[in-house]
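Asks: everything below, folded, please.
(one chain, ligands or ions: 1)
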Amino acid sequence: MRHSTYLEINLSLLQENYSKIQAMTRARVLPMVKADAYGNGIVPISQFLVEECQVERLGCATLGEALFLFNQFPALNAEMMVFSDTEISNPEIAEAYKHYAITPVLHQPSDLEAVLKNPSLKNIPIVLKVNTGMNRLGFTLDELEKISSRLKGRGVKHLMTHFACSYYPLKNGDKTHRQMDEFKKARKILENAGVEVEETSVANSGAIEQHFGLDETFVRPGLMLYGPPSVEPKIWDGHQISRFVTKIIKTFDVKKGTPVGYGINVAGEDGFIAVIPMGYADLSVTTISGAEIVIKGHKAKFFARVNMDMCFLFFHPSSAKDFKVGDQIEIWGHSNQTISDLSSQMKTIPYHLMCGVTNRIPRIYKVK
Ligand SMILES: *Cc1c(COP(=O)(O)O)cnc(C)c1O
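Replies: Numbers count the residues shown, from 1 in each chain. Next up, the predicted model:
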């Protein structure tokens with residue numbers, strides 16, 4: 001565990017983000033808490049969402065995530081859905097779904113087959129993911145057509161799909177609209193076969209930000225709850241709920257041509273270097289090398305190789321007077337711009353940085 005490098009999570013900002021989303025729609029909000037709630041800690045985040053935001057249902061990617069949450073916090077009063085890696089055809093795993101009343105999202109005919117033929121799953125709600133054009137998981141419309149008659153008595157509790165391109169500004173007739181049309185057809189197929197569809201959901205952050213897909217039973221925000229907007233130019237003005245901070249552990253001046261750290265990475269000009277205790281075992285990326293952040297008005301460039309436990313910030317020599325050992329360095333802060341700028345310099349997405357904060361980093365929770 002670290003002490004000087006930590007992720008500070010402000011739950012009041014989570015509440016503000018949540019309330020803004022809820023104010024946009026009459027749909028119920030089903031927060032995604034997969035991947036340790038996008039790196040923010042699945043247990044405290046889920047507890048806060050359920051107890052302070054009155055959320056009733058949460059989404060994970062794997063059964064293990066849901067089980068971990070229930071193990072850590074047995075009293076949590078929330079329904080859990082597992083959206084991708086369900087393993088429902090494994091009979092032992094099927095027992096765990098039943099025992100904990102966790103709902104798997106079935107995404108292919110063999111999943112449905114496994115549920116229908118397993119007597120111990122005869123009461124689990126049927127939740128189906130439809131492939132409307134993302135072409136990753138989900139029943140095709142042809143597959144739905146084929147299985148619909150078998151669902152007649154049982155009905156479908158929840159029908160959902162996932163958008164591939166909702167982070168692009170919406171235009172009539174674009175991919176997201178076409179996926180929505182396919183989703184409506186999917187629903188029709190079931191209803192025409194006499195299968196009742198109780199609930200639906202389609203929208204992730206990109207869609208919600210653009211007020212698209214809000215007329216279903218649920219919306220499923222992930223990123224926008226925790227941080228930056230998906231859509232650029234940005235519409236959503238939520239907060240980054242986390243600040244990722246570290247401290248300077250050493251400073252020194254370098255002359256142009258001096259090699260620094262592993263390998264031969266020489267200073268391109270005279271400068272001032274701060275060593276910070278944040279390596280790839282803390283933020284699991286190496287491509288941060290070369291990226292620039294601004295600290296106390298000074299430009300700081302991640303320089304040379306990122307080590308397991310440390311990396312280097314390179315400053316202009318004139319910055320030296322404003323920095324000393326022990327000073328705090330904010331890698332990203334509550335302004336969404338900081339994590340968006342950093343991730344775009346690294347040619348990746350904010351999700352990657354948020355999920356890249358490893359378990360060596362303590363999560364510190366506060367409310368305003
Ligand atoms: C992760 C996920 C979401 C949330 O996506 P964001 O882009 O983070 O809002 C929604 N639905 C499903 C099925 C997901 O897996």
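Asks: residue of this structure nearest the ligand, please.
Replies: For the chain, the residue closest to the ligand is Gly222, as judged by Cβ to the nearest ligand atom, at 2.5 Å. Backbone N, C-alpha and C define where each C-beta goes, glycine included.
Asks: and the nearest residue to Gly138 once chain neighbours are set aside, how many neighbours?
Replies: Spatial nearest neighbour of Gly138, excluding adjacent residues (Cβ to Cβ, 6 or more residues apart in numbering): Asn131 at 3.2 Å. Each residue near Asn131 was counted by other Cβ atoms under 10 Å, and the total is 21.
Asks: that older thread, got the contact list for the residue of the chain closest to the ligand?
Replies: Pro31, Met32, Lys34, Tyr38, Asn204, Ser205 (Cβ atoms under 8 Å, 6 or more residues apart in numbering).
Asks: rewinding a little: correct me, but the residue nearest to Gly138 touches Met160?
Replies: No - the pair Asn131 / Met160 is not scored as a contact, 11.1 Å apart, by Cβ atoms under 8 Å.
Asks: give me the local confidence score for the residue lying farthest from the centre of the chain.
Replies: Ranked by distance from the centre of the chain (Cα atoms, centre = their mean), the top residue is Lys255, with 42.0 Å. As predicted, Lys255 sits at a pLDDT of 98.
Asks: wait, doesn't it sit right on Ala267?
Replies: Yes - in this structure, Lys255 is within contact of Ala267 by Cβ under 8 Å, at 6.9 Å.
Asks: any weak-confidence spans in the stretch 151-300 of the chain?
Replies: Residue ranges of the stretch 151-300 of the chain with pLDDT under 70: none are present.
Asks: what parts of this structure come near the ligand?
Replies: Selection of the chain residues close to the ligand by Cβ under 6 Å from any ligand atom yields Met32, Lys34, Phe83, His162, Asn204, Ser205, Arg220, Pro221, Gly222, Leu223, Ser230.
Asks: how near is the closest residue in space to Thr258 that isn't next to it in sequence to Pro31?
Replies: Take Thr258 and drop its neighbours on the chain: the residue closest to it by Cβ to Cβ, 6+ apart is Ala267, 5.0 Å away. For Ala267, the distance to Pro31 equals 46 Å [Cβ to Cβ, to the nearest Å].
Asks: more crowded one of the two?
Replies: A direct count of neighbours by other Cβ under 10 Å for Ala267 and Pro31 places Pro31 higher, at 26 against 20.
Asks: residues in contact with that one?
Replies: Each residue near Pro31 by Cβ under 8 Å, 6+ apart is listed here: Tyr18, Leu49, Val55, Leu58, Gly59, Arg220, Pro221, Gly222, Leu225.
Asks: can I get these in CSV including secondary structure?
Replies: What follows is the contacts of Pro31, written out as CSV (DSSP: H, G, I helix; E, B strand; the rest coil):
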residue, secondary structure
Tyr18, helix
Leu49, helix
Val55, coil
Leu58, strand
Gly59, strand
Arg220, coil
Pro221, coil
Gly222, coil
Leu225, helix
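Asks: and the furthest pair within the residues you listed?
Replies: Greatest spacing in those, by Cβ to Cβ: Tyr18 and Gly59 (14.4 Å).
Asks: neighbour count winner among these two?
Replies: Neighbour totals were compared for Tyr18 and Gly59, and Gly59 leads with 25 against 22 (other Cβ under 10 Å).
Asks: was I right about the more buried one contacting Lys34?
Replies: Yes - Gly59 is within contact range of Lys34, at 6.6 Å (criterion: Cβ under 8 Å).
Asks: mutual contacts of those two, please.
Replies: Phe83.
Asks: for Ile264, see how far away Thr287 is.
Replies: From Thr287 to Ile264 the distance is 19 Å (Cβ to Cβ).
Asks: my bad, Asn118
Replies: 60 Å.
Asks: can you check Gln15 too?
Replies: To Ile264, Gln15 is 49 Å away according to Cβ to Cβ.
Asks: those two - which one has more neighbours?
Replies: Gln15 (17 against 9).
Asks: give me the residues contacting stretch 122-141.
Replies: Counting by Cβ under 8 Å, 6+ apart, 81, 83-84, 97-98, 103-109, 112, 115, 144, 147, 151, 154-164, 175, 178-180, 182-183, 185-186, 189 sit against stretch 122-141.
Asks: filter the residues you listed to the buried ones?
Replies: Among those, those scoring as buried are 81, 83-84, 97, 103-108, 112, 115, 144, 147, 151, 154, 156, 158-164, 175, 179-180, 182-183, 186, 189 (criterion: 16 or more other Cβ atoms under 10 Å).
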